[in-house]
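>>> Generate coordinates for the sequence data below:
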Amino acid sequence: MKIVVVGGTGLIGWKVMARLGERGHEAIAAYPGIGVTTLPHSGLEQALKDASVVIDASDPPGFADAEVLEFFETSTRTLLAAEEKAGVGHHVALSAVGTGRLPGSGYLRAKAAQERLIEESPIPFSIVRATQLFETVPSIADAATEDGTVRVPPVAFQPVACDDVARVLTRIAVESPLNGPVEIAGPERFRMDEFFRQVLRTWHDPREVVTDPHARLFGAVPEEGSLVPGEGAVLGEIRYADWPGRTRGG
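Model prediction:
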């Protein structure tokens, strides 16, 4: 089966590429390096020729609210139109847990807009919503740092390894379309401030973690339950304590 992975050289995309290859599928990474882009539109027709499935694991070039919204709306419209023309039978999109729950977040508003476009398209689809990634824990801590302290809200937090997300994306891509969303999270649930307090100790990082109910993530103040999945979510297999990259820079 020919499967095109948009963002196939990204944090999760390249892991999906490897897993698809191991399963014997023809995996094609669509990325600017080979002249395939969705914004602006270039090279899609050739890349999607004879493709059965498209996995969209792309990321915006920046994170300003307007920039993210333009990226996800324009690239998704472009990609879906090209898929319809090519006769693609399954569109799989990587999204985020919390989409639809945090309207104050520009990033999650953009993901919600992307999901609406997918749902309105005639192409059968599956949406995989993941929680925060283990791999982004350092950048979350850095973004939360103010005057040498890390300000984190005391809400439920259930991060997941990229490898687990890639495994689920790969499985869903080769199965029948869900025509709806599925959530994936790590196997353990923490309180976010306590999680980061322990992680910084592991890193021997001198920054103090301050519990702040008004601290923001994705540009919005998360509420209890807004960052974790509901019932029926797929749980990853890798615990944070067992993850090889848990040591910063590891």
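>>> From what I see, residue 191 and residue 152 are in contact.
No - with contact defined as CB atoms under 8 Å, residue 191 does not reach residue 152; the gap is 9.2 Å. For the C-beta atoms, the positions are set from N, CA and C on the backbone; glycine is no exception.
>>> How far away from the center of its chain is whichever helix in the chain runs longest?
Ranked by number of residues, the top helix in the chain under DSSP state H is helix 65-86. Using CA atoms, centre = their mean, to the nearest Å, we find the averaged C-alpha position of helix 65-86 to lie 16 Å away from the chain's own average C-alpha position.
>>> before we move on, what about stretch 127-144?
On the basis of CA atoms, centre = their mean, the separation between the geometric centre of stretch 127-144 and that of its chain is 9 Å.
>>> tell me how far the ends of it are from each other?
The separation between the terminal residues of stretch 127-144, taken as CA to CA, to the nearest Å, is 28 Å.
>>> For residue 191 and residue 152, indicate the residue with more neighbours.
Under the neighbour definition other CB atoms under 10 Å, residue 191 and residue 152 were set side by side, and residue 152 has more, 24 against 16.
>>> Next up, the contacts around the more buried one.
Counting by CB atoms under 8 Å, 6 or more residues apart in numbering, residue 152 makes contact with 144, 192-193, 196, 209-212, 215.
>>> avg pLDDT for stretch 59-74?
Stretch 59-74 carries an average pLDDT of 92.
>>> Rank the helices and strands of this structure by mean pLDDT and give me the bottom one.
Least confident helix or strand of the chain, by mean pLDDT, DSSP states H and E, is strand 41-42 with a mean of 75.
>>> Just checking: what are the partner strands of that one?
Sheet pairing for strand 41-42, assigned by DSSP bridges, gives strand 37-38 (antiparallel).
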